[in-house]
Structures are given as C-alpha cells and as structure tokens.
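Peer 1: Fold the following and give me the result.
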Amino acid sequence: MKTIGFLTFLIMSYFIYGFYISQNDLKIVDQTLTKITDLSFYDYKGVINVHSDLSIGSSPITQIIRSAKNAKLDFMILTDLNEFSKKNLVEGYFDETLILSGSKVSYLDSRFMVVPFQKQVLGSNLGDAQIKLADLLSQEKSKDHLIILSHPFKTGFSWTGPLPQGLDGIELINLKSLSQRAFEISKLSPLWSLFVYPFNSALSFARLFNEPTDELNLFDSSQEYGQFYGFSGAEASARAFPVTDYLIKFPSYQKTFEIFSNHVLLKSELTGNAKSDKFKILTALKNGNFYLAFDMLGDPKGFKCTIEDKSKSYLIGSKVKLSKNLKLKISLPQTPNYFFEVVIYRNGSRFETINDSLAEVAITDPGVYRIQVRVSPYFPLPDATKWITWIYTNPFFVHN
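Peer 2: Prediction:
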C-alpha cells in the first residue's frame, strides 16, 4: 500500500507541476497586437537542412511537406545526406510553401549543404559529388550554387582553419548541435526538458538554449578572409522511437520547423512562380539578405535593420561604402514583454548596447557590423531567468 500511495503521490505531483508550467507563456511579444511593419521589403520564413527517409530522416517527403505547410513556412530546402538521385528531386509550390531540393555531402571530416540554382544533382554518386564540391570550394563563390558548412562543431565534427573562399556561410544555429551541447553541459537538463515537454513544448526547447559561442567565434574571425553569412539549420530528421506497437517521432518535423528559422528579406513579393521565386530566395540567401530568429519565442516579422545613407537604404548582408551620413537603424516589431537588449557587434566585439525597440546609431568607422536581439524571459522553478538570443542578423560590410 505504501508503494501505491507513493506512486500516486508522484503522479499527482507531476500533473500539478505540469499544470503550473503550462501556465508559463514564454512569448516575448503579444501576438494579438498589430505589429509595426515596413512595406519597403517582404519577410519570408523558411528552413534548411531537412532529411527525409531517403537518407537519415524518418518520413517520406510528402509527409514532411505537410509538416512544412502546417508550420506555415514560406519555403523549405530538403538536403538529404549523400542522396544524388535525380528522380527524388522535389521542387515547386505545395499550396503556399515553396519546396526546394539540395543535398548534404560528406566531405573529409565535415558536411556541406549544396543547393543548386538549377534543378540538378551535384554528382551521380558520392565520389563525383566530392570532386565537384572540392572544385567549388577552391574557387571564388559560385553563381550557380549555394554552399553552407553544416554544424562545424557538432559532436564528431570540429572545423579548423580558415573557411574556404567558395563557401557562402556556416550554420550558426544547428538544432541538433544545440541539444547535444546542452547534454554535454548538464546530463540532467535535457531529461528535465523531456519531463516538461508534454505540458509546455516551448519551455522544453527554450531552456536548453545555449549561445553557439564556437560558431559565432568562427563566424566573426572568418570575416577577415572573405564575406560569409550565418544560417539556421533545422537538422530535421524526426528520429522515431518504438513504444509498444507505435513509433514516436521526437521532436516531430512540424515542431522542429517551428523552433528556429531563416527570415529572408526581399524588395519584391514572391509571385507564386516556382522558378522565379526559387531564384529570389536563393539569391537572397547567397547575398546574406536574411536574419535568424527563435520563432518559438515570438514572431519576429516586422523586425527591421538597415543602414541608411541619405536617400539610400541597404538590407542586411550588404556591402556599404563609408560616408559621413551613414546610420544603422533598428526597429523591433513590438517592445518585448521581458527585459531585452539590442547588441551591435563590430568585428566580433560589442560595439553598442541599446535597451529600446527603436535605435539609430551613427557608423563612423569601417568594419563588419551585426546585431543580436537578446531577451531574458522568466522560466518557472527550478529554473530562473536567462538571456536568450531571439534574433541574429547577418553582417553589414562597411568599407572605405
């Protein structure tokens, strides 16, 4: 009887605590309020680094596309690992979601995502693809391919040395790397996140977040060798775990798509023409005209960050000539509900910190400027408040 009573107490305590944490709302902006938006550009949300059952994922592409639509993505890029069959390329609009296909290629002790502008594969097999990739990386940036270094510091991988000139950028955010890092820091924390997941999935993921310091250091230090951009990679595979006669996919594709994404900024709207819209999206990604956002904390659409020079306005990722009138302008869609700070970095070091949803900063020196919007939401017991980056922008390159 004592055992039954103790188990009953544990179960009741679990559900009482579950009710307590379910009341915790981590949303840092009020979704019901009208946002400040700017019609000078359009913000489209999408994810990259997505695996199907053709490689290391658990679901067919048709199901993944359904998850992308449910997550309200504007675009998704499939990147199956070492998969080079032309017949498996899937591209086009599925309702309002644009699906693009690339591949992830094993190369030396790293992995690279390669997305061609044309509907094609990198090679007929892994050997051919590696030869083609080596050629692309050794040259100036290709006009026909988007090339991204995936998870440079994920367990089992460790990038060393400067980034190759043919590379467009690296994954600053890789969701699998973040979860592995959280487990390395504390074995108990990921288990606790599993414990709270049924009651508050946003809290479950947010409490595991740790700043990707190694990736940011590599990113900032590499700018002296060339122009590189940061990407958010979903690393979505929805690994399936057998429970009795069922397979539980954790986290699901849809949930993964809702955590972190790339927000592409375009000066003209997508039209619904798959070919032209693909070119717009890939060109914006290749030019760094996008920012990364922790969407699960709050919808960032309406965020604006530009460099202004009299009548000229430059998007994130732009190369800008220094002048006496140069100003960096930042505006958040709303004032966050929690403590926040807008941090401007110059050449990898803190340049200025602002605690306002609207900011205007004079740029008087050349350098590489990027912005992070950091928030400090309240986490229920046993956690406390912690700083989390909500938005990472790509750099502006200001030169003489």
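
Peer 1: show me where pLDDT drops low in the stretch 201-350 of the chain?
Peer 2: Within the stretch 201-350 of the chain, the stretches with pLDDT under 70 are 239-250.

Peer 1: all helices in it, in order from the N-terminus.
Peer 2: 201-206, 213-222, 253-257, 274-286 (DSSP state H, counting those that start in this stretch).

Peer 1: I'd say residue 164 and residue 138 touch.
Peer 2: Yes: judged on Cβ atoms under 8 Å, residue 164 makes contact with residue 138 at a distance of 6.8 Å. (Glycine included, C-beta is placed from N, CA and C.)

Peer 1: And these two? Which one has more around it.
Peer 2: Using other Cβ atoms under 10 Å, the more surrounded residue of residue 164 and residue 138 is residue 164, with 19 against 10.

Peer 1: And the more buried one, its phi and psi?
Peer 2: Here is the backbone geometry of residue 164 (degrees, to the nearest 10): phi -70, psi 150.

Peer 1: Tell me the spacing between it and residue 225.
Peer 2: Applying Cβ to Cβ, to the nearest Å, the value for residue 164 to residue 225 is 9 Å.

Peer 1: picking up where we left off before, which stretch among the helices of the stretch 201-350 of the chain is buried most, on average?
Peer 2: helix 253-257 (a mean of 24; mean count of other Cβ atoms under 10 Å).

Peer 1: just checking, what packs against that one?
Peer 2: For helix 253-257, the contact count by 3 or more Cβ pairs under 8 Å, 6 or more residues apart in numbering; DSSP states H and E identifies strand 42-50, helix 61-70, strand 229-236 as packing neighbours.

Peer 1: so what secondary structure elements neighbour the shortest one?
Peer 2: The reference is to strand 229-236. By 3+ Cβ pairs under 8 Å, 6+ apart, strand 229-236 packs against strand 42-50, strand 145-150, strand 169-174, helix 175-185, helix 253-257, strand 261-266, strand 290-293.

Peer 1: what residue lies at the spatial centre of this protein?
Peer 2: Note on the chain: the residue nearest the mean C-alpha position is residue 232, at 2.3 Å, using Cα atoms, centre = their mean.

Peer 1: Leaving aside the residues adjacent along the chain, what's closest to residue 146?
Peer 2: Closest residue in space to residue 146, ignoring its immediate chain neighbours: residue 115 at 4.3 Å, by Cβ to Cβ, 6 or more residues apart in numbering.

Peer 1: And for the one you found, the neighbour number?
Peer 2: 23.

Peer 1: Now find how far off-centre stretch 98-110 is within its chain.
Peer 2: Taking Cα atoms, centre = their mean, to the nearest Å, one finds stretch 98-110 lying 16 Å from the centre of the chain it belongs to.
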